[in-house]
Structure formats: structure tokens, C-alpha cells
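Engineer: pasting the sequence and the predicted coordinates here, then a few questions.
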Amino acid sequence: MITLLGKELRILRLNRGEFLKDMADKLHITPAYLSAIENGKREPTKKFMDSLFTEYDLTEQETERVEKAYFETVNSVNIDISLQTQEKRDLSLVFARRFDSLSEDEVESIRKILDKKKENV
């Protein structure tokens, strides 16, 4: 699933007439790594962002959009439920809808369940 940062990176590339490989080469990373960042499979590092700002002469507006997209991307969680069972998809959706309204006791109960599951793996 393409992230907001991924969209901004694509806009930068397209506006400069570059392909994914061109941007990757310019940033000294592999095209696969850049693609993974764009698609939310890898989290962009500070080093990546520093390279982006160093290699590209961004306008103030572009810089603001990219920084906003970066912070939104690293502060979000995406769950791919497309290959899950119907029960897991339903649970994921219920959890997402109710997440902000969970009490501290509910959070602690869920954490205990997940910590116990982690110990059994």
C-alpha cells in the first residue's frame, strides 16, 4: 500500500522525469529498497531523508510536503488484511475502529494476551 511519503517521492520523480531506478541511483540505494519505502514495506530512515534533501534541490513547498509525509508515514501502522481469514479481518477492523476509545485496563489486557502469545512463539 503506497504511503503518503511514497506518493510524494513519486511526484518528485515524475516532475523531474525520473524513473524509480534514477532516484534510487541518485540516493545511493537499490530500486527495491526505494520501492519498499514507497509501498510501506520499509520505514524510511533519517539517513534516507537526509540523502533526499541533500541530492534534490527541493522548493520550500516540496520540503514541507515531504517532511509532513515522512512524519505521517513513520507515525502510522498499516496492516495488510487481504490474505487473512475473515475472522482476522473482522477483528482487525473492530480493533482499528475502537482503538482510540480503549481504556487503560483494556490496553493492559490486550498487551498481556499479546505478550503471552510472543512467549509461546
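Structural biologist: Happy to help now that I have it.

Engineer: ranges for the helices of this protein?
Structural biologist: Assigned by DSSP state H, the chain shows helices spanning 4-15, 20-27, 31-38, 46-55, 60-74, 86-98, 104-120.

Engineer: who wins for proximity to D80 among those helices?
Structural biologist: Closest approach to D80 among the helices of the chain is made by helix 86-98 (9.6 Å; Cβ to Cβ). C-beta: built from backbone N, CA, C; applies to glycine.

Engineer: that closest one vs helix 104-120, what angle?
Structural biologist: 140 degrees (axes from the mean of the first three to the mean of the last three Cα atoms, to 10 degrees).

Engineer: what's the average pLDDT for helix 86-98?
Structural biologist: Here helix 86-98 scores 92 as its mean pLDDT.

Engineer: dump that helix to PDB, restricted to CA.
Structural biologist: The C-alpha coordinates for helix 86-98 follow below in PDB (Å, rounded to 0.1, in the frame of the first residue of the first chain):
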ATOM      1  CA  GLN A  86     -12.500 -13.400   7.600                       C
ATOM      2  CA  GLU A  87     -12.300 -13.700  11.400                       C
ATOM      3  CA  LYS A  88      -8.900 -11.900  11.500                       C
ATOM      4  CA  ARG A  89     -10.100  -9.300   9.000                       C
ATOM      5  CA  ASP A  90     -13.100  -8.600  11.200                       C
ATOM      6  CA  LEU A  91     -11.000  -8.400  14.300                       C
ATOM      7  CA  SER A  92      -8.600  -6.000  12.700                       C
ATOM      8  CA  LEU A  93     -11.400  -3.700  11.600                       C
ATOM      9  CA  VAL A  94     -13.100  -3.800  15.000                       C
ATOM     10  CA  PHE A  95      -9.700  -3.100  16.700                       C
ATOM     11  CA  ALA A  96      -9.000  -0.200  14.400                       C
ATOM     12  CA  ARG A  97     -12.400   1.400  15.000                       C
ATOM     13  CA  ARG A  98     -12.200   1.100  18.700                       C
END
